[in-house]
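[1] here is a sequence together with a model predicted from it:
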Amino acid sequence: MTRLWTIERDVPGWTDEDVAAAGLSAKMCVLWYPNMSWIRSLYDREGERILCVYEAESEEDIRQHAVSAGLPCDVVTPVEELVPADLAEPTEGDLAEREVGFGRPPFQPVSSN
């Protein structure tokens, strides 16, 4: 059974060309793993790391793919997806019970008077 994984890749000193080449390598090598899909990656330019989301059967498959693609694979973590559209919608009562951030007062419905 496949599940979602995040992969943290430390990439100090990488250029935009290095990132593009790594992406191409990952795309080519994922073809060797029929139960693996590369979902998305996020590049933290300042932090010099890439966070990837994959669907795969095991951490071992994730790590083997990284070796095949010549990519760093520093931390692998199983995760679950949370999609805002799949979550319950808040009610006015829910919102009234919570203080909105940045020092704003709790939500107050507009009166119809």
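    Sure, I can see it.
[2] flag the shaky bits of the protein, pLDDT-wise.
    The chain contains residues with pLDDT under 70 at 93-113.
[3] in it, which residue is most central in space?
    Val53 (4.8 Å; Cα atoms, centre = their mean).
[4] who's in contact with that residue?
    Applying Cβ atoms under 8 Å, 6 or more residues apart in numbering, we find Val53 in contact with 4-7, 38-41, 79. C-beta coordinates here come from the backbone N, C-alpha and C atoms, glycine included.
[5] now it. Nearest residue, chain neighbours left out?
    With sequence-adjacent residues excluded and distances taken as Cβ to Cβ, 6 or more residues apart in numbering, Val53 is closest to Ile39, at 4.2 Å.
[6] helix/strand/coil for the one you found?
    At Ile39 the chain is in strand, as set by DSSP: H, G, I helix; E, B strand; the rest coil.
[7] and the gap between it and Ser68?
    Noted for Ile39: a distance of 18 Å to Ser68, by Cβ to Cβ, to the nearest Å.
[8] then Cys52?
    Distance, Cys52 to Ser68, using Cβ to Cβ: 14 Å.
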